[in-house]
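Asker: my questions are about this predicted structure, shown below with the sequence.
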Amino acid sequence: MSQHHSRYPANDAADTNLGDDDAFLEHDLKLSQRGVELVKMEGRVFLRFSGAVRADGLHVDYRLVPARGVLAKPSKWRKMDLGARRELIEERATRDAIDDLNQDVEEFVRDIADRCEDAGFDPMLFLHVLEELETSEPAEYVFERIRQRLDHAVERDQEERHAARTKESINLAEYPQSFEVASKMARRFIALLGPTNSGKTHRAMEHLAQAESGVYLAPLRLLALENYERLQGVVREDGEPLAVSLVTGEERRLAENATHVASTVEMLDTRTKVEVAVIDEIQMLADRDRGAAWTAAVCGAPASVVYLVGAPEARRAIEALAERLECPLEVHVLKRKAPLSMEPGAVRKIRNLKRGDAVIAFSRRDVLMWRDMITETGLSVATVYGNLSPEVRRAQAERFREGQADIVVGTDALAMGLNMPIQRIVMTTAVKYNGVEEEEISAALAKQIAGRAGRYGVHEEGFVAGYDDDTHDIMRSLMKEKIPPVPATGFAVAPSLEQLHRIASVTGETSLVKLLRRFVHNIDVPDGFFYPRITEEQNERAEWLDTLDLSVAEKFTMSLVPISTRVPTLESAWSHWAQSLAKKKICKLQPHPQELFWQNLQEVEDTCRMYSAYAWLGYRMPEFFPSIELAQQLAREASERVDSLLQQQNAAARKRQSKKERGRW
């Protein structure tokens, strides 16, 4: 390792001219013979002792200010007569003071020499400044600054060694080989690419249902649940229904002798061979936070045939992955089955909304506001937004599907996974909060939402409109815009516990923040085809988790709990679980079903999410979080309560409108 021979700079503005009186004092007291000099510098008059020590085979010269070496400020010194100056110098420049400093220097040199030997440094890189330093600072401050320099050098050297060891321990070029089963199989990829309503998922699911065994990988619990039930409805040639399991982070419905599994993409079982795998929404490879799960699924799905289903812009990325993995690839590009058109003009008024419309807003608050405004016109409304559990979203969608609700109001949660007989998409805005600021939605999102209009087999054509003129014009432009392709390199790879343990074993580090940082910055990415990625939320959580007495595995698991730490009640629950785990306390749930009746809609939604997160944690650490079944039951009760509250609010708004109309009559 190269070392920089930096030294502390002398003060260029130092005034060392003491005047005739002080020169006389120096000569008269024979200070130079004792290795003492009188100096005026940096706004101080002080004594500096010179000497040399031998320690641990080193010869070190020094020129240092002793503990009581500073005599006065120049202004005060000038006011002192010669006798007072002589007396002060004699008091401070004693043989004992010289011996004490010499002993301090010797001890300091031994300390630095020992530490340099441990670190593999030449101690003179740090000790040479003891003679060359021009400062009025007492020796103890000089010692401290040299120790800090040594600490920083040790840290830099350790950082370089740890970085090198980390790079040697993990090579992302070998990432596909980390999936032992898939990498040894002869796999074949079939890409079914097309816009919304092109029938691509339907075609892939038909192949999956006909296979002897298979797995469906969904981006959402809701989609996993829908296709789990869809597969359950399939009857085999022998008259028996398919044996299907549902596996999500928060729920397991395990069928005996199951041949098929519907799962969220993060829950892929990479060890069990199957005939067919379907990876849905493959364009999510480019997703900032979750793209790594799709990279892992493509590399690790242990299926003879892997269907990659999604948007056409993923084609280049799929081709690059197939080539890298040496898997043959067929690409089928499907067209939308029902045409999709922009309305001639904006909707402009609530009364211009009609049955079969889906009204899109981008926040829970706005969804509920639009629901209330629409309901007050006498129309019934189903409500869908991200904070709702999959069960509630599905129940609300079912009402719209069955005609119990005239209009559905939702966020972009409608864009993925809910098949509803929507004839027209009405955008209340084309601006969405991205976590930092409000920004115009992308063309990809605009087209995915718009594509929900004109359900094939229900409507002959789908329509898109903005509620106001501005939004209508923006949507018209976005619908014409070409969507950029998913990048064909830089596929995200998230850290696994095994990788973090490997980094820990070569560096000795146990801090999750440092291990994650090493994973992102130090592992080997030879050509950048695969790229290490962690989420900001995981990094933020890791900082706090490092303050607790937890193992690397425990901290890693807690950093991944699917719960929003931006919501105070949920953050409180998460931190309580982490602290309980650190104390090795078993964290059991108690049933509180009556609580739900005293909570408002937001509170019940958050309660539902909390119980789901507990279940997720319970599946991973059942010895400390054993109340899995109770958590799922309480989550179901909370979901039912949310659905009930939404219906009550809907009915109450219609009742108010009915009263108004009777009053007018």
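Answerer: Arrived safely.
Asker: in the stretch 501-650 of the chain, where is pLDDT below threshold?
Answerer: 592-594, 596 (pLDDT under 70).
Asker: and the chain, by the same measure?
Answerer: For the chain (pLDDT under 70), the answer is 1-18, 417, 456-457, 592-594, 596, 653-665.
Asker: nearest residue to the middle of it?
Answerer: For the chain, T535 is the residue whose C-alpha lies nearest the centre (CA atoms, centre = their mean; 1.8 Å).
Asker: report how many residues lie close to the residue lying closest to that residue once chain neighbours are set aside.
Answerer: Excluding its sequence neighbours, the residue lying closest to T535 (CB to CB, 6 or more residues apart in numbering) is D289, at 4.9 Å. Bear in mind the C-beta positions are built from the backbone N, C-alpha and C, glycine included. Neighbour count for D289, taken as other CB atoms under 10 Å: 15.
Asker: and if you look at R110?
Answerer: 15.
Asker: phi, psi for the residue nearest to the centre of the chain please.
Answerer: phi -90, psi 150 (degrees, to the nearest 10).
Asker: how close does it get to A293?
Answerer: 11 Å (CB to CB, to the nearest Å).
Asker: now swap in A204 and tell me
Answerer: With CB to CB as the criterion, A204 and A293 are 18 Å apart.
Asker: and G214, its phi and psi?
Answerer: Torsion angles, degrees, to the nearest 10, at G214: phi -180, psi 170.
Asker: for the closest residue to it other than its chain neighbours, phi and psi?
Answerer: Excluding the flanking residues, the one nearest G214 by CB to CB, 6+ apart is V276, at 3.9 Å. V276 adopts backbone torsions of phi -130, psi 140, taken as degrees, to the nearest 10.
Asker: which ones are touching V276?
Answerer: H207, L208, A211, S213, G214, V215, A303, S304, V305, V306, Y307 (CB atoms under 8 Å, 6 or more residues apart in numbering).
Asker: returning to what we had before: can you tell me how far the residue nearest to the centre of the chain sits from G403?
Answerer: From T535 to G403 the distance is 41 Å (CB to CB).
Asker: next: G310.
Answerer: Distance from G310 to G403, by CB to CB: 31 Å.
Asker: which one of the two has more residues nearby?
Answerer: Neighbour tally, G310 and G403, criterion other CB under 10 Å: the higher count belongs to G310, 25 against 11.
Asker: which residues does the more buried one form a beta bridge with?
Answerer: L193 (DSSP bridges).
Asker: do a quick rundown of the strands in the stretch 501-650 of the chain.
Answerer: 530-532 (DSSP state E, counting those that start in this stretch).
Asker: so what strands line up beside the strand ranked longest in the chain?
Answerer: When the chain is parsed with DSSP state E, its longest strand is strand 44-55. Strand pairing for strand 44-55, determined by DSSP bridges: strand 36-41 (antiparallel), strand 58-64 (antiparallel), strand 70-72 (antiparallel).
Asker: dump the second one to PDB, restricted to CA.
Answerer: C-alpha atoms of strand 58-64 as PDB (Å, rounded to 0.1, in the frame of the first residue of the first chain):
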ATOM      1  CA  LEU A  58      14.000   3.600  16.700                       C
ATOM      2  CA  HIS A  59      15.900   6.900  17.100                       C
ATOM      3  CA  VAL A  60      13.400   9.800  17.100                       C
ATOM      4  CA  ASP A  61      14.300  13.400  17.400                       C
ATOM      5  CA  TYR A  62      11.600  15.800  18.600                       C
ATOM      6  CA  ARG A  63      10.900  19.600  19.000                       C
ATOM      7  CA  LEU A  64       7.700  19.900  21.100                       C
END
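Asker: partner residues bridging V53?
Answerer: Residues in beta-bridge contact with V53 (DSSP bridges): V60.
Asker: that one: how many residues sit nearby?
Answerer: 20.
Asker: where exactly do the helices run in the stretch 151-300 of the chain?
Answerer: With helices called from DSSP state H, counting those that start in this stretch, the stretch 151-300 of the chain shows them at 180-184, 200-210, 221-232, 291-300.
Asker: before we move on, the earlier item: distance of the residue nearest to T535 from C116?
Answerer: Taking CB to CB, one finds D289 at 45 Å from C116.
Asker: re the thing from before, from L220, how far out is the residue nearest to G214?
Answerer: Distance, V276 to L220, using CB to CB: 21 Å.
Asker: next, the buried residues of stretch 363-373.
Answerer: Within stretch 363-373, the residues that qualify as buried are R364, D366, V367, L368, W370, R371, D372, counting by 16 or more other CB atoms under 10 Å.
Asker: quick one, what contacts the first one?
Answerer: In this case it means R364. By CB under 8 Å, 6+ apart, R364 lies in contact with Y385, G386, N387, T411, Q602.
Asker: the stretch 201-350 of the chain: strands as residue ranges?
Answerer: Applying DSSP E, counting those that start in this stretch to the stretch 201-350 of the chain gives strands spanning 214-218, 244-247, 252-253, 260-264, 274-279, 303-310, 329-333, 340-342.
Asker: need the strands paired with strand 44-55 in a markdown table (columns: mean neighbour count and distance to L329).
Answerer: Shown next, in a markdown table, are the strands paired with strand 44-55 (neighbours: other CB atoms under 10 Å; distance: least, CB to CB, whole Å):
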| stretch | mean neighbour count | distance to L329 |
| --- | --- | --- |
| strand 36-41 | 20 | 76 |
| strand 58-64 | 18 | 68 |
| strand 70-72 | 18 | 79 |
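Asker: out of those, nearest to P562?
Answerer: Evaluated over the strands paired with strand 44-55, closeness to P562 peaks at strand 58-64, with 58.7 Å, by CB to CB.
Asker: leaving out sequence neighbours, find the closest residue to T264.
Answerer: T248 (4.7 Å).
Asker: same deal with C116?
Answerer: P123 (4.1 Å).
Asker: K335 now?
Answerer: Per CB to CB, 6+ apart, closest to K335 is S198, 6.0 Å.
Asker: kindly provide the distance from the one you found to Q283.
Answerer: In terms of CB to CB, S198 sits 14 Å off from Q283.
Asker: list the contacts for G249?
Answerer: R221, T264, E266, M267, P562, W616, Y619.
Asker: rerun that using 10 Å as the cut-off
Answerer: 221, 224, 263-264, 266-267, 560-562, 612-613, 615-617, 619-620 (CB atoms under 10 Å, 6 or more residues apart in numbering).
Asker: nearest to G435, of those?
Answerer: Nearest to G435 among those, with distances taken as CB to CB, is P562, at 16.8 Å.
Asker: number of residues surrounding the closest one?
Answerer: 15.
Asker: likewise S245?
Answerer: Quick note: S245 (other CB under 10 Å) scores 20 neighbours.
Asker: residues of the one helix or strand E87 maps to that come out buried?
Answerer: Under DSSP states H and E, the secondary-structure element containing E87 is helix 82-92. Within helix 82-92, the residues that count as buried by 16+ other CB under 10 Å are R85, L88, I89, R92.
Asker: phi, psi of the residue lying closest to the third one once chain neighbours are set aside?
Answerer: When you say that, I think you mean I89. Closest residue in space to I89, ignoring its immediate chain neighbours: L29 at 6.2 Å, by CB to CB, 6+ apart. With angles defined as degrees, to the nearest 10, L29 sits at phi -90, psi 0.
Asker: can you check G239 too?
Answerer: phi 90, psi 0.
Asker: and stretch 188-206, what's buried?
Answerer: In stretch 188-206, counting by 16+ other CB under 10 Å, buried: 189-201, 203-205.
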